[in-house]
Structure formats: C-alpha cells, structure tokens
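Asker: please find the sequence and the predicted model below.
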Amino acid sequence: MKKLILTGVSVVFFAVAISSLLYAQDMKGKMMDKARNQMCCAKSEVDLRLTMRNLWEDHITYTRNYIISALAGLEDGNAVAQRLLRNQDDIGNAIKAYYGDAAGDKLAALLRDHIMIATEVVKAAKMSNTEELTIAQAKWNANADDIAVFLSGANPNWAKKDLTDMLYKHLEFTTGEVVSRLHKDWTADISFYDKGHAHMLMFADILTDGIVKQFPDKFKK
C-alpha cells in the first residue's frame, strides 16, 4: 500500500511538473509574441526604411566609384557620374509621396548640385589647385547648409543643426577618400569609405524616423 501511495504521489508530482512546464512555455511564448508585436514595425515603415537605405547606399557607393574613376582617369567616369546624378532624382522621388512633387524636385536639385560641386572638389584636388579646392569646398558646405534648411523646414523632427552636422561629416569622409587616394594611402582610403558608408545609412535612418513621426497614420500596423 505504501508503495502504491508513493507511486501515486510520484505520478501526480510528475504530471504537475509537466503541466507547470507547459504553462511556463506557453506564457513565455505569449510574452515573446507580445514583445514582437510591440517592437515590430508596420510593413510600410519597413519598406520605407529599406528604400531610404538603398538609395543613400547607392549615393555613397556611386560617389566612391566616381572618385576612383575620376582620379584614375578611367573611361567610365562620365557614365558613373550620370548614374550618380540619377540617384539624386531617385531620392527626390522617394519623398514625393509625403511632401509633394515640388519638394521632391527641390531636394533632387539640391542633391544634384551637391554632386556637381563634388566633381569640382575632385578635379581641384587632382590638379593640386589649392585655391580652386578651397572655393569648391566652400560651395560644398553652403550646399549642405541649403539641404539642411530645406529638410528641417519640411519636417520638424529633422533638426537643422543635426542635419548640418551629418552632412558636414559626409563631406569630411568623402574628402578623406579623395585625399587618401591621391596619396596612395589605401588603408586610410578604405577606412574613410567604411566610416562614410555607415554614416550614410545612419542619415537614411534619421530621415525615415522623421517621416514616420510626422505621418503616423501612414505607418499604422
């Protein structure tokens, strides 16, 4: 009898333990699902984030390709420049759904100026023309100021100072690539590109975050 009682107690204990384990696992699963739902973004936000990252990654990638081609005098320089300019139109088109056609065209025009001035910077650096380089860099900074003013005016979540700092840093990294390649300092050249690449993706995310905050109804789950 005692043995039967002990056996029965063991069975009950085992059943309770299994039940408790299953309950704990079920609760853990529900909590994880809740956390995922709270953390997960709407598909429209994910799509925008990927689009902005792809566009600004193209910006940094084709800028580098142009630097390499222009400094080396490669035959593909003009073709790369045209592809880079097209990227600016693509970025402008990407914001039209939120700010309208005129704003998209304005941003594209400012970014096209950014690229055209960049070609002046590269040319002056390649020719070791300090005077022309100084003039081109001043124009580049002024253009960055214009872009920051335009964007901050369109979205209150994009602080002008933050955008200006980000754009100036982009110019700094890009200039670093040019100078490093001219001095054949390949390690520094790669380092500037890697930093600039990561920086550009951060900039893209800042733009996405600002749009999502400004137009929450467009990004409901």
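Answerer: It's in. This is a predicted model, so every value here is computed, not measured.

Asker: would you map out the domains in the chain?
Answerer: Listed domain ranges for the chain are 1-40, 42-219 (source: automatic domain parsing).

Asker: comparing those by mean pLDDT, which bottoms out?
Answerer: Ranked by mean pLDDT, those end with domain 1-40 at the bottom, a mean of 45.

Asker: ok, and which of the domains of the chain has the densest surroundings?
Answerer: Scoring those by mean neighbour count under mean count of other CB atoms under 10 Å gives domain 42-219 as the most buried, with a mean of 17. Bear in mind the C-beta positions are built from the backbone N, C-alpha and C, glycine included.

Asker: for it, measure first residue to last.
Answerer: 6 Å (CA to CA, to the nearest Å).

Asker: in this structure, which spans are helices?
Answerer: Counting by DSSP state H, the chain has helices at residues 2-39, 43-72, 77-94, 96-99, 101-126, 130-154, 160-182, 186-214.

Asker: closest one to K220 among the ones you listed?
Answerer: helix 43-72 (8.2 Å; CB to CB).

Asker: from the contact counts, what lies against that closest one?
Answerer: Helices and strands touching helix 43-72, by 3 or more CB pairs under 8 Å, 6 or more residues apart in numbering; DSSP states H and E, are helix 77-94, helix 101-126, helix 160-182, helix 186-214.

Asker: next, format the ones you listed as TSV and append distance to V149.
Answerer: Below are these laid out as TSV (distance: least, CB to CB, whole Å):
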stretch	distance to V149
helix 77-94	16
helix 101-126	10
helix 160-182	6
helix 186-214	15
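
Asker: among those, which comes closest to T61?
Answerer: Nearest of these (CB to CB): helix 186-214, 7.8 Å.

Asker: what's the angle from that closest one to helix 160-182?
Answerer: On the basis of axes from the mean of the first three to the mean of the last three CA atoms, to 10 degrees, helix 186-214 is oriented at 160 degrees to helix 160-182.

Asker: from the chain's centre, how far out does helix 186-214 sit?
Answerer: Relative to its chain's centre, helix 186-214 lies at 5 Å (CA atoms, centre = their mean, to the nearest Å).

Asker: one step back: redo the helices of the chain as TSV? Include distance to K220.
Answerer: What follows is the helices of the chain, written out as TSV (distance: least, CB to CB, whole Å):
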stretch	distance to K220
helix 2-39	13
helix 43-72	8
helix 77-94	20
helix 96-99	15
helix 101-126	23
helix 130-154	22
helix 160-182	27
helix 186-214	11
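
Asker: ok so, going back, of the helices and strands packed on helix 43-72, which is nearest I68?
Answerer: That would be, of the helices and strands packed on helix 43-72 and by CB to CB, helix 160-182, which comes in at 7.2 Å.

Asker: and for the closest one, what are the contacting residues?
Answerer: 63-64, 67-68, 71, 118, 121-122, 125-126, 137, 140-141, 144-145, 147-149, 151-152, 186, 188-189, 192-193, 195-196, 199-200, 202-203, 206 (CB atoms under 8 Å, 6 or more residues apart in numbering).

Asker: and it, how far out from the chain's middle?
Answerer: When distances are taken as CA atoms, centre = their mean, helix 160-182 is centred 15 Å away from the chain's centroid.

Asker: CA-only coordinates of that helix, as PDB, when you get a sec.
Answerer: Extracted in PDB, the C-alpha atoms of helix 160-182 (Å, rounded to 0.1, in the frame of the first residue of the first chain):
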ATOM      1  CA  LYS A 160      18.600  71.800 -38.800                       C
ATOM      2  CA  LYS A 161      21.800  71.500 -36.600                       C
ATOM      3  CA  ASP A 162      21.700  67.700 -36.600                       C
ATOM      4  CA  LEU A 163      21.200  67.600 -40.400                       C
ATOM      5  CA  THR A 164      24.000  70.100 -40.900                       C
ATOM      6  CA  ASP A 165      26.400  68.200 -38.700                       C
ATOM      7  CA  MET A 166      25.500  64.900 -40.500                       C
ATOM      8  CA  LEU A 167      26.000  66.500 -44.000                       C
ATOM      9  CA  TYR A 168      29.300  68.100 -43.000                       C
ATOM     10  CA  LYS A 169      30.500  64.800 -41.700                       C
ATOM     11  CA  HIS A 170      29.600  63.200 -45.000                       C
ATOM     12  CA  LEU A 171      31.700  65.800 -46.800                       C
ATOM     13  CA  GLU A 172      34.600  65.200 -44.400                       C
ATOM     14  CA  PHE A 173      34.500  61.400 -45.100                       C
ATOM     15  CA  THR A 174      34.300  61.900 -48.800                       C
ATOM     16  CA  THR A 175      37.100  64.400 -48.900                       C
ATOM     17  CA  GLY A 176      39.100  61.900 -46.800                       C
ATOM     18  CA  GLU A 177      38.700  59.300 -49.500                       C
ATOM     19  CA  VAL A 178      39.900  61.700 -52.200                       C
ATOM     20  CA  VAL A 179      42.900  62.900 -50.300                       C
ATOM     21  CA  SER A 180      43.900  59.400 -49.200                       C
ATOM     22  CA  ARG A 181      43.700  58.000 -52.800                       C
ATOM     23  CA  LEU A 182      45.800  60.900 -54.100                       C
END
